[in-house]
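>>> requesting a structural model of the entry that follows:
(chains A and B)
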Amino acid sequence: MSADLFDLGFLEAADALAKKAVSSEELTSALLDRSEKLEPALNSLTWFSREAARAEARAADAARAAGDKRPFLGVPIAIKDLLNVKGQPCTAGSNILKGYVAPYDATVIARLRAAGCVFVSRTNTDEFAMGGSTETSAYGTTRNPWDVSRVPGGSSGGSAAAVAARLAPAALASDTGGSIRQPAAFCGVTGFKPTYGRVSRYGCTAFASSLDQVGPIARSVEDAAAVYQVIAGLDPHDSTTSPRPVGDGLPEVRAAKDLKGLKLGLPKEYFVEGLDPEVEKLTRAAVEQCRALGAEIVDVDLPHSQYGIACYYILAPAEASANLARYDGVRYGFRAESEDLLEMYEKTRAQGFGAEVKRRVILGTYVLSSGFHDAYYLRAQKVRTLIRGDFEKAFARCDAILGPVTPTAAFRVGEKSADPVQMYLGDIFTVNVNLAGICGLSVPCGFTPNGLPAGLHVVGPAFEEARILKIGAAYQHATDWHRKHPKI
Amino acid sequence: MNDFIPSIGLEVHVQLKTRTKMFCACPAHTEGEPNTAVCPVCLGLPGALPVMNREAIRKTVKVGLMIGSRISLRSTFDRKNYFYPDMAKNYQITQQAAPLCIGGAVEIEVEGKKKTIRVNHIHQEEDVAKSTHMENSTEIDFSRAGTPLMELVTEPDMSSPDEAIAFLTALKEMLIYAGISDCNLEMGHVRCDVNSSVRPAGTDKLGVKSELKNMNTFKGIHRALEYELDRQMETLRKNGSLAQETRRWDDIAGITLPMRSKEYAHDYRYFPEPDLPPVVLDTATVEAWRAELPELPAAKRARFVAEYGLPEYDAGVLTADKAISEYFEAGAKKSGNFKAVSNWVMGELLRALGEKGQGIADAKISPEALAELIALVDAKTINMPAAKEVFQTLFENGGNPMAIVKEKGLAQVSDAGAIDGFAGQAIAANPKVADEFRAGKEAALMFLVGQVMKLSRGKANPQLAAEALRQKLQA
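This next block holds a predicted model:
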């Protein structure tokens, strides 16, 4: 193997390790070397430990030498700093959890661990996953590897930037309103949000419980599918996970070469004012590519799409206001010096949380408060039902829906941080998928004249992950946007 | 004193007797070192999620079935938001919009008057951690956090402290009977919020209520209510006005005090718990749970009167504790002399248990042995004092009554010759008493019978002894 071990994707790394062409220790070291070299420019990681990662890698190598044939033994993966890995810090990008070391493994981590993966680094995130640019992290802003003056998207900007910059073959991330798909689009990598209830949230620090979903960011659809296969499925620790069998879709995904017999819906609501013409052009070209691969393209309506943002920015903060109440300085994490209990609560939370988190906690508290509950929270729940209904009707007419992931390509650092509403509007094409609880995939579909990547959004009905992964894989079979690397 | 009518409503929190906690696999009701029965879920660590305890649901539904509630086949959990150090998540998972059991009623009886207390609903929730307030700090034990609780909310149907206690007693009896909870008040298994108000006689609209939080002894509730109702009435009599407020009972001072508004002024901001799907039950399951219900105290009481011909009083004492009622029935079935079994259980057995501070489960005397002992008395094989001695041996060591009688030589002496001899000796030793009897003092005979008993070391048949003495003295 050449010096460019870090070029290996997830499945490529698994193959190379299985053939003993490379050891996990070599691969892990190469990624850590590269992380050390690029992190000053990117700031995509919140934590990594050479000693810890190499010890895990060596253990994997020893297991392999002893005959262990687990398919992903020794394959390194980066983890969003929201997912609990036993013995590693888990801060959710927040000062309030500074110094907090996770005492248990999230279910997805336990499953990756059982599959043999090495947890090589932790990736940056908007504080408690609240943001679309990874600018709200207490660890500072992550930069887009394609243009370090621009944001990587968010909240999983660290995972997307790290995978794009080849600091890890793949990463785990979470998606509450687009937090996997939008940064994947901004960074030119593949991001996959499974159906709500498909992947356990146990051990994923909660932002908005009815919307959060864990998924992979990877170099290709098949890599994402491979990680997904490991983490998906019923978990007795998460009552919202579905007992529906996941099945082994990976061979079909890897074999997908065309889209014959598939009806793909194109919602007119996703091609509206505000959509950057360059991004629109790339999206439409990708749609044409799908048609060329044999898909029938049909028009569909998602009439309540425009209410998604308002609905989301009521429900997600409402849930967050309760989920973040536990960070009070009593049991763990940061505690401010204070004279009495009330002062401790107030100072701990005032000093521990950043501005965006405070904004959402206050917003969420407001919409649930007596006198406003019905006008905001209850009404938003009704809108959510309508949005879910839109998709159900649309999926009666098509197998999956295509569209842009984001209205624009990556914006500049600081460009939107002064205007939360502008930032929120960036979620316009992604939040409805979370509100409906269905699955969505972002695949690279080209570059703007500025050299910035854009993503094609493939949205599928609940629990039809295999279908959209096959669509994405067929698209990637015919294109090589996902093979482009940023020059960094 | 009848110028005002009190209305009392209770919110009763009961810890359910389950092996594990409400939303995690930690053991419930541990008595180990503080903060040892804990896990990411009950400590509210980042990323932890609740998983519902089906056994707790089953127990709460059974309570609903016992009091005739409508069981919700689909009920949901909600988050109740407030900050307190004993609550790890700073929200409590409870049921607000769609509780498990709706409606129902409990019959009480105070001074012979029966009354029905309506129940508004019963919901399922989790207990908070246990706070112990020290001089300069508060110690929190999360081992208790997440213990399954049911909260039963009554209508304001009680009108005296006695009725409130009668309700709690009836509820407690039922819960223990059905194995829902041990209802150990010292252990904090039962805690009440007590709402009360008074209104002028002849009016219908309820007065302004006060709420006494977190009461955990029946005696305390009774005293607090007496004080609180009196306070409210006195205030109104003096043309004062009452505020709707939360108060706390100071047991030492014997008064209620308003709590600082900061301590209770909450907007709980309830919303559906997104981490838990609705609890969905089917009729077959509910019916299967109904079939598991034991006969309830009130029904058993009536049956004991009808089936065993016991006085109401006996039936009440025997059924107050399920284990005792079962002991009685086992003994009664074996013996056939129901009233004697009742007397022995209510008398000697409860006394002996009380002295030792034991429960019926600890008693070494089996109901079968008690029945046999009664048979020996009925057959006049032994007399009552001897029977009590045998009982004590059976109570302490167990064993077979007849064997003990033989071993101790306690069989009643009914042999005319032997009794005659004892009678002669008694008269000879007490000539003055004998003369008194002869002079017509009937009571003197009892003294002489006592002497015969003494001489026979308690074994003489007292009736035969009296006859023998009478014969000799009147001869």
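>>> for the residue nearest to residue B:158 when sequence neighbours are not counted, helix, strand, or coil?
Once flanking residues are discounted, residue B:158 sits nearest to residue B:8: 4.0 Å by C-beta to C-beta, 6 or more residues apart in numbering or on different chains. (Glycine included, C-beta is placed from N, CA and C.) Under DSSP: H, G, I helix; E, B strand; the rest coil, the three-state class of residue B:8 is strand.
>>> give me the neighbour count for residue B:8.
25 (other C-beta atoms under 10 Å in any protein chain shown).
>>> and it, how far from residue A:474?
71 Å (C-beta to C-beta, to the nearest Å).
>>> what segments of the stretch 201-350 of chain A are helices?
For the stretch 201-350 of chain A, the helices defined by DSSP state H, counting those that start in this stretch cover A:221-231, A:250-255, A:277-292, A:308-323, A:341-352.
>>> what sits against the residue of the stretch 351-488 of chain A found nearest chain B?
In the stretch 351-488 of chain A, the residue that lies nearest chain B is residue A:368 (3.9 Å; C-beta to the nearest C-beta). Contact partners of residue A:368, counting by C-beta atoms under 8 Å, 6 or more residues apart in numbering or on different chains, are A:318, A:321, A:376-377, B:81, B:269-271.
>>> for residue B:341, see how far away residue B:380 is.
18 Å.
>>> which of the two has more neighbours?
A count of neighbours by other C-beta under 10 Å puts residue B:341 above the other of residue B:380 and residue B:341, at 29 against 13.
>>> helix or strand: which one has the more buried one?
Using DSSP states H and E, the element containing residue B:341 is helix B:338-344.
>>> same deal with residue B:131?
strand B:130-133.
>>> and that strand, what does it pack against?
The contact analysis (3 or more C-beta pairs under 8 Å, 6 or more residues apart in numbering or on different chains; DSSP states H and E) places strand B:130-133 against strand B:138-141.
>>> next SSE after the strand it packs on?
Next element after strand B:138-141 (DSSP H and E): strand B:148-154.
>>> ok, back up a step: run through the bridge partners of the residue nearest to residue B:158.
Beta bridges link residue B:8 to residue B:158, residue B:196, judged by DSSP bridges.
>>> residue contacts, it?
Applying C-beta under 8 Å, 6+ apart, the residues contacting residue B:8 are B:156-161, B:163-164, B:194-196, B:225.
>>> repeat that for residue B:396.
Taking C-beta under 8 Å, 6+ apart, one finds residue B:364 in contact with residue B:396.
>>> can you tell me the helix or strand for it?
helix B:384-397.
>>> I'd like the next helix or strand past that helix.
Past helix B:384-397, the next helix or strand by DSSP H and E is helix B:401-408.
>>> buried sites along the helix or strand following that following helix?
Remark: after helix B:401-408, the chain's next helix or strand is helix B:416-429, criterion DSSP H and E. Applying a neighbour-count criterion of 16 or more other C-beta atoms under 10 Å in any protein chain shown, one finds B:418-420, B:422-423, B:426-427 buried in helix B:416-429.
>>> same check, this time on stretch B:314-327
B:314-315, B:317-319, B:321-322, B:324-327.
>>> show me which residues of the stretch 351-488 of chain A sit near chain B.
Residues of the stretch 351-488 of chain A that fall close to chain B, judged by C-beta under 8 Å from any C-beta of the partner chain: A:365, A:368-370, A:373, A:377.
>>> filter the residues you listed to the buried ones?
Buried among those (16+ other C-beta under 10 Å): A:365, A:368-369, A:373, A:377.
>>> can you redo these as TSV with secondary structure and pLDDT?
Formatted as TSV, these follow (DSSP: H, G, I helix; E, B strand; the rest coil; pLDDT from 0 to 100):
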residue	secondary structure	pLDDT
A:365	helix	97
A:368	helix	97
A:369	coil	96
A:373	coil	94
A:377	helix	97
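>>> the top strand by length along chain B vs strand B:148-154, what angle?
Counting by DSSP state E, the longest strand found in chain B is strand B:113-126. Taking axes from the mean of the first three to the mean of the last three C-alpha atoms, to 10 degrees, one finds strand B:113-126 and strand B:148-154 inclined to each other by 140 degrees.
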